[in-house]
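[1] pasting the sequence and the predicted model now:
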Protein chains: 2
Amino acid sequence: MSTPRRITLKDLARELGVSTATVSNAFNRPDQLSPALRERILGEARRLGYRGPDAMARSLRTGRSRIIAVILAESLTYSLNDAVASEFLSGVAEVLDTQGHTLLLLSSRQTQGQIPGSASMADGFIVYGLMPSPSLLGRLPAQASLVSVDFDIAGRPTVHVDNEAACLAIARHALRMPPRRPAIVNLRLTAEPCNGRITPSHALLVAEQTITRSRLTGFHRALAEHGVDPAGVPMWNIEENTFEVCAPVIEAILDSPDDERPDLLLCMSDRIALTAVTLAEQRGLRIPEDLRITGFDGIAEGQYRAPHLTTVRQDSTEKGRTAARIILGLTPPASSLLTTELMVGDSCP
Amino acid sequence: MSTPRRITLKDLARELGVSTATVSNAFNRPDQLSPALRERILGEARRLGYRGPDAMARSLRTGRSRIIAVILAESLTYSLNDAVASEFLSGVAEVLDTQGHTLLLLSSRQTQGQIPGSASMADGFIVYGLMPSPSLLGRLPAQASLVSVDFDIAGRPTVHVDNEAACLAIARHALRMPPRRPAIVNLRLTAEPCNGRITPSHALLVAEQTITRSRLTGFHRALAEHGVDPAGVPMWNIEENTFEVCAPVIEAILDSPDDERPDLLLCMSDRIALTAVTLAEQRGLRIPEDLRITGFDGIAEGQYRAPHLTTVRQDSTEKGRTAARIILGLTPPASSLLTTELMVGDSCP
DNA sequence: TTCGCCATCTGGATCGATTCAGTCAGCTCG
DNA sequence: CGAGCTGACTGAATCGATCCAGATGGCGAA
């Protein structure tokens, strides 16, 4: 019982007494042969159980795989459960689908600066959210196109929003009613593990990621405008944008003695803000009377239940679409700055 | 300025005066050549900017791509934003990562029974959540392995939970305190668009998907046990498991005249249940006093805010891990039935 | 009738690796 | 000393398509 060798285009050609070129054309360029012959070929293919040209052989020959890889900053486990990253991927997938391309998912964390060999067959790479190690970039196929999202890679197109302006805007809004004790809750300020209180004076220095740094700068500018010394504003850092990781830090903040507990939390993500809302409510704090909270991202969940979140909406799906369009060459490979929108909800009217 | 042809293994071999076989071995089988020569080859490769064997050529020759495709029932946009599907994908990704495989995402909806050629290079397929059209199955490469999740494909291994038993259990729990007007909110009972009220008598007949049908059967059995005629229990159908699609249906349910409004909602997903919680609270209904609600899935969000959801937890991540292990051959290709756990929360004590 | 011309079809090189069946030199051992 | 073995390396077939640069034949125009 030897497995019958798979049927190839060549078998089909021999069987029909035509050349392989013609069979290939039957599948790829209907205009290159007579309809009658094409029908005969397709019919025979069906009869023999030939499933069409082999994808690998085609890719080897043509040099294109119709696969686009997205390299995610965090683990896939995290990214797939994060609303912002998921929306981004949706946008990417949406455009790829319409163009007959498929989506390969990679995480830069898992790969430790390597990318699995199988990924290098991708025609293009979308790097999302975090600067990949130089060695990873060096390993990408030379001819592959590259788009980064939310940060710059020298000489490559980027899709991003103006984080500093957005944070400036939302902080200005929040500060119109002067808080007695404002505080900032950062997201992933450093690559180093650090979950909890940090000193403001060092925050900007250690902010390795442009995205966090820009947001922080926006907050600080608004504070300074209102005569508040940013160095005096307490700051906490959240390592990962999940309820589980946020919760203990938020608890710590809320556990501050009454005269030290912040009455305004400028959070760098909706996930953080929502966690704060939930935990504050559990303690009987009134929002916004006792504690005002702002978020960032504008995820749908923030608008489901009262109080609606005050936040900055960025259209992550559109970000994904834009990145995909650039990668596929539907759009010139230029950097693209998407707009954001201040959304005033009940959590900080 | 012609682009300098990319460097190949053959160039490297010529440059060094060794055979291509030896260069290949330097990358793939260090034991097949002397360490000194290997170093020389690797050094020269670095010098020439050779990035290692080409993935496509390798895949063509070896017949394996180290890519695993997941075919999702719904659109990628939906799946990536659905907690259950995302958790499932996390589990898959987690196992694939450890084995140096990568994850390709496809949606059966988009592909309309076709799969893009580029996908057919996958070594294995995980079909998630919905019976793909026979034509799609027929188009998969013959040698590829296949695992289905949450439904059976004849002769292929499946990963699933006992939906009927789980729904029997949670409905039994809910019915211990007899409701005056129980109701069922289905998820995707039919492939046809249908969002809203449906007649119970036809529900089982039109339930095309085994998963929905099993859950419904579980509910019905429990109702019958408690002397309630399932045919008299009103039913609604939800087309898509999102807040936006759920909300109008839930509104309609809650808009029933007071003497017809259900006081127990058996929901087929946590998303539906959470939507019901949110909208009921907005109307000032007390949970569970005025309305008891049960879910299904056990997503994390259900436990964040009060009232905690009464639900059946299924470990979607483990489902993903199991499917991936089977596809990779780490586990014998046998169907696997995962356990569920009744979680009693405040929404239906 | 002859000359293009067009539509249709063909041969074969090519993409970039892997791998099997050897070759060859050097070493051991009786 | 020579048989046999081992480790290191090689040559060339192969994977399954794509796509040039032609070949062929039929047909209309001159």
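    Ah, there it is.
[2] how about the residues of the stretch 1-150 of chain A near DNA strand C?
    Contact residues, the stretch 1-150 of chain A versus DNA strand C (CB under 7 Å from any atom of the strand): A:17-22, A:25, A:31-34, A:37, A:57, A:60-61, A:63. (Each C-beta comes from the backbone N, C-alpha and C, glycine too.)
[3] which ones among those lie within helices?
    A:T20, A:A21, A:T22, A:N25, A:L37, A:A57, A:L60, A:R61 (DSSP state H).
[4] what is the neighbour count of the last one?
    Taking other CB atoms under 10 Å in any protein chain shown as the criterion, the count of residues near A:R61 is 12.
[5] that one and A:D54, how far apart?
    10 Å (CB to CB, to the nearest Å).
[6] and the residues of the stretch 1-150 of chain A next to DNA strand C, which are buried?
    A:V18, A:T22, A:N25, A:L33, A:A57, A:L60 (16 or more other CB atoms under 10 Å in any protein chain shown).
[7] make a markdown table out of these and add pLDDT.
    Formatted as a markdown table, these follow (pLDDT from 0 to 100):
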| residue | pLDDT |
| --- | --- |
| A:V18 | 93 |
| A:T22 | 95 |
| A:N25 | 94 |
| A:L33 | 90 |
| A:A57 | 96 |
| A:L60 | 95 |
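[8] can I get the residues you listed in TSV with distance to A:S335?
    Listed next are these as TSV, based on distance: CB to CB, whole Å:
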residue	distance to A:S335
A:V18	50
A:T22	46
A:N25	41
A:L33	45
A:A57	37
A:L60	33
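[9] restrict those to those near DNA strand D?
    Near DNA strand D, by the rule CB under 7 Å from any atom of the strand, you find A:N25, A:A57, A:L60 out of these.
[10] and A:S148, backbone torsions?
    phi -110, psi 150 (degrees, to the nearest 10).
[11] what's the answer for A:R181, then?
    Dihedral angles (degrees, to the nearest 10) for A:R181: phi -130, psi 90.
[12] any idea which element A:N237 lies in?
    In this structure, A:N237 is located in strand A:235-238 according to DSSP states H and E.
[13] run the chain-centre distance for that strand.
    21 Å (CA atoms, centre = their mean, to the nearest Å).
[14] quick check: next helix or strand after it?
    Past strand A:235-238, the next helix or strand by DSSP H and E is helix A:243-254.
[15] centre of the chain versus that next one, how much separation?
    24 Å.
[16] using CSV, write out every CA atom in it.
    Extracted as CSV, the C-alpha positions of helix A:243-254 are listed here (Å, rounded to 0.1, in the frame of the first residue of the first chain):
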residue,chain,number,x,y,z
PHE,A,243,-7.4,43.4,34.4
GLU,A,244,-5.4,40.9,36.3
VAL,A,245,-2.1,42.9,36.1
CYS,A,246,-3.8,46.2,36.6
ALA,A,247,-5.9,45.3,39.6
PRO,A,248,-3.2,45.1,42.3
VAL,A,249,-1.7,48.4,41.2
ILE,A,250,-5.1,50.1,41.2
GLU,A,251,-5.8,48.6,44.6
ALA,A,252,-2.6,50.0,45.9
ILE,A,253,-3.6,53.5,44.6
LEU,A,254,-7.0,53.3,46.1
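[17] for that helix, name the packing helices and strands.
    Contacting helix A:243-254 under the criterion 3 or more CB pairs under 8 Å, 6 or more residues apart in numbering or on different chains; DSSP states H and E are the following elements: strand A:182-187, strand A:196-198, strand A:235-238, helix A:270-282.
[18] do the helix or strand following it and chain B come into contact?
    The helix or strand immediately downstream of helix A:243-254 is strand A:264-267, counting by DSSP H and E. No - applying CB under 8 Å from any CB of the partner chain, one finds strand A:264-267 separated from chain B by no less than 15.6 Å.
[19] near chain B, which residues of the stretch 201-349 of chain A?
    Going by CB under 8 Å from any CB, the residues of the stretch 201-349 of chain A near chain B are A:F243, A:L274, A:T275, A:T278, A:E281, A:Q282, A:A300, A:E301, A:Y304, A:R305, A:A306, A:T317.
[20] same thing but at 10 Å, please
    A:242-244, A:247, A:274-275, A:277-279, A:281-282, A:299-301, A:303-306, A:317, A:320 (CB under 10 Å from any CB of the partner chain).
[21] give me the ChimeraX select line for those, limited to the buried ones.
    If you want just the buried ones from these in ChimeraX, going by 16+ other CB under 10 Å, the selection is:
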select /A:242,243,247,274,275,277,278,279,281,299,301,303,304,305,317,320
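[22] closest point of the stretch 201-349 of chain A to DNA strand C, which residue?
    DNA strand C sits closest to A:G329 of the stretch 201-349 of chain A, with a gap of 20.6 Å, by CB to the nearest atom of the strand.
[23] quick one on the thing from earlier: farthest-separated two in the ones in helices among the residues of the stretch 1-150 of chain A next to DNA strand C?
    A:L37 and A:L60 (26.8 Å; CB to CB).
[24] in TSV: the ones next to DNA strand D among the buried ones among the residues of the stretch 1-150 of chain A next to DNA strand C, plus distance to B:D152.
    Output for these, formatted as TSV (distance: CB to CB, whole Å):
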residue	distance to B:D152
A:N25	40
A:A57	33
A:L60	36
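[25] which one of those is nearest DNA strand D?
    Out of those, the member with the shortest distance to DNA strand D (by CB to the nearest atom of the strand) is A:A57, at 3.3 Å.
[26] isn't the closest one right up against A:R6?
    No - taking CB atoms under 10 Å as the definition, A:A57 is not a contact partner of A:R6, at 11.5 Å.
[27] can you pull out the strands in chain A?
    A:67-72, A:102-107, A:124-128, A:145-149, A:158-161, A:182-187, A:196-198, A:235-238, A:264-267, A:292-294, A:311-314, A:336-338, A:340-343 (DSSP state E).
[28] mean pLDDT lowest for which of the ones you listed?
    Across the strands of chain A, strand A:196-198 has the smallest mean pLDDT, namely a mean of 75.
[29] neighbours around A:A13, how many?
    19.
[30] err, A:R29, not the other one
    10.
[31] ditto for A:T98
    12.
[32] shouldn't it be in contact with A:A324?
    Yes - taking contacts as CB under 10 Å, A:T98 lies within contact range of A:A324: 9.3 Å.
[33] give me the common contacts of the two.
    Common neighbours of A:T98 and A:A324 (criterion: CB atoms under 10 Å, 6 or more residues apart in numbering or on different chains): A:L330.
[34] returning to what we had before: so which of the residues of the stretch 1-150 of chain A next to DNA strand C is the closest to B:L137?
    A:A57 (22.6 Å).
[35] ok so, going back, any common contacting residues for A:R61 and A:D54?
    B:L60.
[36] name the nearest residue to A:P30, sequence neighbours excluded.
    A:R38 (5.9 Å; CB to CB, 6 or more residues apart in numbering or on different chains).
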